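# What shape does this take:
(one chain, ligands or ions: 1)
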Amino acid sequence: MMNSRGAAVEAHGLTVVRGARTVLHGLGFTVEPGRITGLLGPSGCGKSTLMRAVVGTQAKVTGTLDVLGSPAGHPALRPRIGYVTQDPSVYTDLTVRQNLDYFAAILRPGRRQRDARRAAVARAITEVDLTGRADALAGTLSGGELARASLAVALLGTPELLVLDEPTVGLDPVLRRDLWNLFHRLAADHGTTLLVSSHVMDEAERCHRLLLMREGEILADGTPETLRSAARADTVEEAFLHLVDQAATRQEPSR
Ligand SMILES: Nc1ncnc2c1ncn2[C@@H]1O[C@H](COP(=O)(O)OP(=O)(O)OP(=O)(O)O)[C@@H](O)[C@H]1O
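Numbers count the residues shown, from 1 in each chain. Sure, this is the predicted structure:
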């Protein structure tokens, strides 16, 4: 179920305080359903905080934040959202399949759901292309395989919204490309909405839509094409830098 305008996520005046600092400053934005939205900005600008607010794990959130038609953090949203944090969320002393069996047992407990669990585990392993490594200990996986194993856990419940915090950090270009191809397959084949953060601007071109962030504010949103042409830039990185300069100029007179 979406809200009236059909956005998967809709925020108005979203403000988050962490410790003594206001980390997000009254943000307004939407995330379109069935598309890949990239959340891009430099380290420390508030990407993880925004994602935590969307999945409902962030304290001291004010403003309005609707996710799949319910207020963020509503218990009914839990099975509908997959969240992959920056740290791998698998046990290194279990195999990939054992990890998935374990998380599947939490999601679908009881003997009667045994077949559904098996099917979900097999599907998740295939989707992330780890069939050949399914019986390897997670502790022996490469960085890219580990990232895909964490993603497989998030895919167990067939989430409508996948929130991925810097999923490609530290991966080589080939693995990054493979992971982005997987994100596109999930959006195209299952209609999954993906919100993916990155501080690597060249990943922007792989997204359908972008939210460009800086210092707890959204500088701009739109498709890579609209952002590039609005700034008369060749790349999203150039457009981002142009927006940063523009914002600094606007602030000058009040200094
Ligand atoms: N518990 C906390 N108390 C105070 N400030 C915090 C706390 N946690 C995070 N912050 C600050 O909030 C800001 C936003 O952090 P956040 O992790 O959301 O940024 P990010 O854009 O995801 O960064 P990165 O790309 O490095 O992961 C940072 O300046 C960080 O130092």
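# which parts of the protein sit against the ligand?
18, 19, 21, 23, 43, 44, 45, 46, 47, 48, 49, 199 (Cβ under 6 Å from any ligand atom). Any C-beta I mention is one placed from the backbone N, CA and C, and that applies to glycine too.
# how about the helices in this structure?
47-55, 96-107, 114-127, 143-155, 173-190, 224-230, 236-251 (DSSP state H).
# If you count neighbours, what's buried in the longest one?
Going by neighbour count (16 or more other Cβ atoms under 10 Å), the buried part of helix 173-190 is 175, 176, 178, 179, 180, 182, 183, 186, 187.
# Repeat that for the third one.
Buried residues in helix 114-127, counting neighbours by 16+ other Cβ under 10 Å, are found at 117, 120, 121, 124, 125, 127.
# thinking again about what came up before, which pair of the residues of the chain next to the ligand spans the longest distance?
Within the residues of the chain next to the ligand, two members stand farthest from each other by Cβ to Cβ: 19 and 199, at 21.7 Å.
# quick revisit: including distance to residue 87 and mean pLDDT, could the helices of the chain go into a markdown table?
What follows is these, written out as a markdown table (distance: least, Cβ to Cβ, whole Å; pLDDT from 0 to 100):
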| stretch | distance to residue 87 | mean pLDDT |
| --- | --- | --- |
| helix 47-55 | 11 | 97 |
| helix 96-107 | 14 | 95 |
| helix 114-127 | 19 | 94 |
| helix 143-155 | 9 | 90 |
| helix 173-190 | 17 | 90 |
| helix 224-230 | 29 | 95 |
| helix 236-251 | 27 | 86 |
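# Reformat those helices as TSV; add distance to residue 28.
Compiled in TSV, the helices of the chain are given as follows (distance: least, Cβ to Cβ, whole Å):
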stretch	distance to residue 28
helix 47-55	12
helix 96-107	33
helix 114-127	33
helix 143-155	27
helix 173-190	24
helix 224-230	17
helix 236-251	16
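# Out of these, which gets nearest to residue 165?
Of the helices of the chain, nearest to residue 165 by Cβ to Cβ is helix 47-55, at 5.4 Å.
# Provide the backbone phi and psi angles at the residue in the stretch 151-255 of the chain that the ligand sits nearest to.
Closest contact between the stretch 151-255 of the chain and the ligand, by Cβ to the nearest ligand atom, is at residue 199 (4.9 Å). With angles defined as degrees, to the nearest 10, residue 199 sits at phi -110, psi 10.
# likewise residue 208?
For residue 208, the backbone dihedrals (degrees, to the nearest 10) come out as phi -70, psi -40.
# What count of nearby residues applies to it?
15 (other Cβ atoms under 10 Å).
# ok, back up a step: among residue 19 and residue 199, which residue is more densely surrounded?
Legend: neighbour count by other Cβ under 10 Å for residue 19 and residue 199, higher for residue 199 (16 against 7).
# Ends of stretch 132-144, what's the gap?
Stretch 132-144 has an end-to-end distance of 14 Å (Cα to Cα, to the nearest Å).
# now stretch 226-244
Using Cα to Cα, the end-to-end distance of stretch 226-244 comes to 17 Å.
# How about stretch 64-81?
Note: stretch 64-81 ends 18 Å apart using Cα to Cα.
# From residue 248, how far off is residue 127?
According to Cβ to Cβ, to the nearest Å, residue 127 and residue 248 sit 43 Å apart.
# before we move on, what about residue 146?
For residue 146, the distance to residue 248 equals 39 Å [Cβ to Cβ].
# likewise residue 40?
Residue 40 sits 18 Å away from residue 248, going by Cβ to Cβ.
# Same drill for those two, tell me which one is more crowded.
residue 40 (25 against 10).
# Looking at the residue of the stretch 151-255 of the chain closest to the ligand now. What's its pLDDT?
At residue 199, the model reports a pLDDT of 84.
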